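Asker: Model the structure of this input:
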Amino acid sequence: MDGVILAAGFSSRAGCFKPERLVSGVPLLLKTLQGLRAVCSRIIVVAGYESTRIEALLQGQSGVELVLNQHYESGMFSSVQCGVSRVDSARFCITPVDCPLAGQKTICQLAAADGDVVIPVYEGRRGHPVVLSQRMKDVILAEPADSNLRAVIRRQRCVEVQVSSADVLLDLDTPGDFRRLAEEPAEC
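Answerer: Coordinates of the predicted model:
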């Protein structure tokens with residue numbers, strides 16, 4: 001299974017460059033990468049803003065393909081389409097870089113479920129990562145550039161996998177989100 005990590009954004013609300021921010025002593029990008037390795041033999045990291053910093057973080061990481069989204073300024077869906085266009089596997093997993101804590105158990109549960117769209121759910125709320133079929137690759141790539149992944153998924157029949165960890169809901173966007181995570185302070 002391929003994995004896609006969306007890491008092309010500006011990190012404007014975070015107050016620093018999010019992919020480098022430490023979570024349990026590990027840069028956020030690498031923490032997200034570690035989780036996906038449970039089921040993904042190949043991981044596509046979509047970079048845009050500060051792509052050289054992303055490239056530096058990925059030095060020495062095997063099974064990782066760095067893809068530059070030339071249109072990252074137009075929003076996250078351009079990164080979704082850029083990353084998904086490189087997927088070769090029958091199914092793939094996709095997640096933003098700032099949703100790093102889904103554990104291997106959770107990711108394996110999602111990979112084991114059958115469906116075109118498989119989403120983790122904790123206490124009635126949907127989270128990340130999402131597992132999609134090859135059919136969804138075609139749907140995503142046919143979507144207008146001003147769309148978004150949430151709109152695409154809403155139109156599909158989804159398989160919801162009930163998970164035991166709220167980690168699938170974690171989205172680290174602001175300094176407060178990182179403080180609430182109660183991790184060691186990181187310099188950006």
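Asker: quick one, strands of the protein?
Answerer: 2-7, 22-23, 26-27, 42-47, 64-68, 91-96, 117-122, 125-126, 130-133, 159-162 (DSSP state E).
Asker: ok now the fifth one, how far from the chain's centre?
Answerer: When you say that, I think you mean strand 64-68. 13 Å (C-alpha atoms, centre = their mean, to the nearest Å).
Asker: Point out the other helices and strands that that strand packs with.
Answerer: Secondary-structure packing of strand 64-68 (3 or more C-beta pairs under 8 Å, 6 or more residues apart in numbering; DSSP states H and E): strand 42-47, helix 51-57. Placement of C-beta: from N, CA and C, glycine included.
Asker: if we go to 10 Å?
Answerer: For strand 64-68, the contact count by 3 or more C-beta pairs under 10 Å, 6 or more residues apart in numbering; DSSP states H and E identifies strand 2-7, strand 42-47, helix 51-57, helix 76-84 as packing neighbours.
Asker: Okay, now the unreliable bits of this protein?
Answerer: 12, 14-15, 173-188 (pLDDT under 70).
Asker: Okay, and the beta partners of the residue nearest the centre of the chain?
Answerer: Centroid-nearest residue in the chain, with C-alpha atoms, centre = their mean: T95, separated by 1.7 Å. Under DSSP bridges, the beta-bridge partners of T95 are I5.
Asker: Hmm, it is touching K31, no?
Answerer: No. Using C-beta atoms under 10 Å, T95 is not in contact with K31, being 11.3 Å away.
Asker: export the helices and strands packed on strand 64-68 to CSV and tack on distance to P27?
Answerer: Formatted as CSV, the helices and strands packed on strand 64-68 follow (distance: least, C-beta to C-beta, whole Å):
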stretch, distance to P27
strand 2-7, 11
strand 42-47, 12
helix 51-57, 6
helix 76-84, 19
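Asker: Indicate which one of the ones you listed is closest to E65.
Answerer: The stretch from the helices and strands packed on strand 64-68 with the least distance to E65 (C-beta to C-beta) is strand 42-47; that distance is 5.0 Å.
Asker: which strands and helices sit next to that closest one?
Answerer: In terms of contacts (3+ C-beta pairs under 10 Å, 6+ apart), strand 42-47 is packed against strand 2-7, helix 28-36, helix 51-57, strand 64-68, helix 76-84, strand 91-96.
Asker: any idea which of these is most buried?
Answerer: Highest mean neighbour count among those (mean count of other C-beta atoms under 10 Å): strand 2-7, with a mean of 29.
Asker: tilt between it and helix 76-84?
Answerer: Using axes from the mean of the first three to the mean of the last three C-alpha atoms, to 10 degrees, the direction of strand 2-7 lies 150 degrees away from that of helix 76-84.
Asker: on contacts alone, who are the packing partners of strand 2-7?
Answerer: Looks like strand 2-7 contacts helix 28-36, strand 42-47, helix 51-57, strand 64-68, helix 76-84, strand 91-96, strand 130-133 (3+ C-beta pairs under 10 Å, 6+ apart).
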